[in-house]
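J.: Just to be clear, the model below is a prediction. Sequence and coordinates:
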Amino acid sequence: MNLELLERTITADNMGEWQYGMFGCFSNCGLCILSFCCPCYVFGKNAEAMGEDCLMCGLASLINPVGYGAAIVLRGRLREKRGIDGSLTSDLLWGCLCPFCTLIQEAAEIRVMQGGAMAGDIERC
């Protein structure tokens, strides 16, 4: 990991909160549509960015209890890596109430973390 990316990942400006709000899912229409139509792909790409196997996580997301558990674990790891406030309880609640919003929020956070784009990225519609 180069120094610039590390500095972007750990700065005082992004500590403690998500870069995109929970209901900011429409800020990237391409990602929103892709997440709604093929959430297993977006989840797999999110997992891959966090060092997990894209295919295995994407397939696991298709099995309801397994996929839900994997999504909660991945969200917790992302929060921890980015220094974002939250808890297992909040991850469980958001995952139940609005799974597509959490998936999109995580993908957008990973995009910020990596300083680049991911599949389905269209800036604004």
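T.: Structure received. Numbering: from 1, shown residues only.

J.: got a list of contacts for the helix or strand where residue 96 lies?
T.: Assigned by DSSP states H and E, residue 96 falls within helix 88-97. By C-beta atoms under 8 Å, 6 or more residues apart in numbering, the residues outside helix 88-97 that reach it are 22, 68, 71, 72, 75, 76, 79, 101, 102. (Glycine included, C-beta is placed from N, CA and C.)

J.: Using neighbour counts, pick out the buried residues of it.
T.: Residues of helix 88-97 classed as buried: 91, 94, 95 (neighbour count, 16 or more other C-beta atoms under 10 Å).

J.: Closest one of these to residue 55?
T.: The nearest member of the buried residues of helix 88-97 to residue 55, counting by C-beta to C-beta, is residue 95 at 21.7 Å.

J.: Could I get the CA-only coordinates of the longest helix along the chain as CSV?
T.: The residue-count maximum for a helix in the chain (DSSP state H) belongs to helix 64-82. Written as CSV, here are the backbone C-alpha positions of helix 64-82 (Å, rounded to 0.1, in the frame of the first residue of the first chain):
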residue,chain,number,x,y,z
ASN,A,64,-29.8,-16.1,3.2
PRO,A,65,-28.5,-16.8,6.7
VAL,A,66,-24.9,-17.3,5.6
GLY,A,67,-25.0,-14.2,3.3
TYR,A,68,-26.5,-12.1,6.0
GLY,A,69,-23.9,-13.2,8.5
ALA,A,70,-21.1,-12.6,6.0
ALA,A,71,-22.5,-9.1,5.3
ILE,A,72,-22.5,-8.2,9.0
VAL,A,73,-19.0,-9.4,9.5
LEU,A,74,-17.7,-7.6,6.4
ARG,A,75,-19.4,-4.3,7.5
GLY,A,76,-17.8,-4.6,10.9
ARG,A,77,-14.4,-5.2,9.4
LEU,A,78,-14.9,-2.2,7.1
ARG,A,79,-15.9,0.0,10.0
GLU,A,80,-12.9,-1.1,12.0
LYS,A,81,-10.5,-0.5,9.1
ARG,A,82,-11.9,3.0,8.5
